[in-house]
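**Student:** here is a sequence together with a model predicted from it:
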Amino acid sequence: MEEFFNELFDYNFYSNKQLIEACNKLTKVPERSIKLFSHLLNAHHIWNARIVGNSATMEAWHFHPVKDWEDIHYENQRNTFEIITNTDDYEERIDYENTEGRLFTNTIQDMLFHIINHSTHHRAQILMDLRENGLEPIPLDFVFYKR
């Protein structure tokens, strides 16, 4: 399982990095893309915090300037790789409170996979937003990462 998650988070790291670099080259990043990528970063942080039992320091929809994305992204990835390295039981269930204050329980495996799926979902929305704003989106499919 560790190898599987390391590969998925390598892909996540690669894809986010490609998108950050592309946005850093733009004169103006569409506001919706900023909102979505900020949310992607915030959610990753929040899920990491839930897994290790810490309080999140970011809110789900807090905006981050594009210039800050890389640092937040690196910190999220570093924390996730630490979680993966230190997890002995991916079926361990974690109790947590969602952003609306409701209590839930999920396995570490489910939470880690959710980070990947959630990130992929919002990157796709960002790529569509870029296209709708006359910008050519970059290919971020898993197969392009693997080639």
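**Tutor:** Arrived safely.
**Student:** can we go C-alpha only for contacts and neighbour counts from here?
**Tutor:** Fine.
**Student:** what ranges do the helices span in the protein?
**Tutor:** 2-24, 31-52, 66-86, 108-132, 142-146 (DSSP state H).
**Student:** which residues are contacting stretch 105-116?
**Tutor:** Contacts to stretch 105-116, defined as C-alpha atoms under 8 Å, 6 or more residues apart in numbering, come from residues 5, 8-9, 12, 43-44, 47, 51, 89-96.
**Student:** looking at those residues, which has the most residues close by?
**Tutor:** Neighbour counts for these (other C-alpha atoms under 10 Å) peak at residue 44, which has 27 neighbours.
**Student:** can you give me the pLDDT of that residue?
**Tutor:** In this model, residue 44 is scored at 98, pLDDT.
**Student:** now residue 78
**Tutor:** For residue 78, the pLDDT comes out at 98.
**Student:** separation between it and residue 133?
**Tutor:** Residue 78 is 32 Å from residue 133, where distance means C-alpha to C-alpha, to the nearest Å.
**Student:** same check, this time on residue 9
**Tutor:** Separation of residue 9 from residue 133 (C-alpha to C-alpha): 29 Å.
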